[in-house]
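Chemist: mind looking at a prediction? Sequence and model below.
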Amino acid sequence: MLEKLTRQEEEAMLAVWATGEGNVKNFLENMPAPVPPYTTLASTIKNLEKKGYIGSRLVGNMYLYRPAVEEAEYKKYSLTNVVKNHFDNSYKDLVTFFAEQKKISPKELKEIIEMIEKGKKD
């Protein structure tokens, strides 16, 4: 079972997913500004490892880390929690919210409906 990540942990995971396997310095290079201090990111990486999001192996005297959870798997988990906690477990309410906030256009809604209908036919 996945555990919810803090914003700082999510930002670190985005860098890990973008990098693939690497060390803390590699992850820093794949983070947008403002980049956290090396020691802060190293601590966050260790926390992510404890939570099971990252695996590591020692190469020489340096640890290389790699994602242990796929980005798509985390997105699914995260979105499911948002829908459950903020939209009464209703994806319809989620879509309605975006439509009311003008974050999704009628054209996009039609495209979504077409995708759903295609999926039912296959």
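Modeler: Thanks, I have it. Residues are numbered from 1 along each chain as shown.
Chemist: wait, doesn't residue 11 sit right on residue 31?
Modeler: Yes - between residue 11 and residue 31 there is a contact under Cβ atoms under 8 Å: 6.7 Å. In this view, the C-beta of every residue, glycine as well, is placed from N, C-alpha and C.
Chemist: what count of nearby residues applies to the closest residue to residue 51 other than its chain neighbours?
Modeler: Using Cβ to Cβ, 6 or more residues apart in numbering and skipping the chain neighbours, the partner closest in space to residue 51 is residue 3 (5.0 Å). Counted by other Cβ atoms under 10 Å, the residues lying close to residue 3 total 11.
Chemist: do the same with residue 15
Modeler: The number of residues packed near residue 15 is 22, by other Cβ under 10 Å.
Chemist: which SSE is it in?
Modeler: In the assignment (DSSP states H and E), residue 15 maps to helix 7-19.
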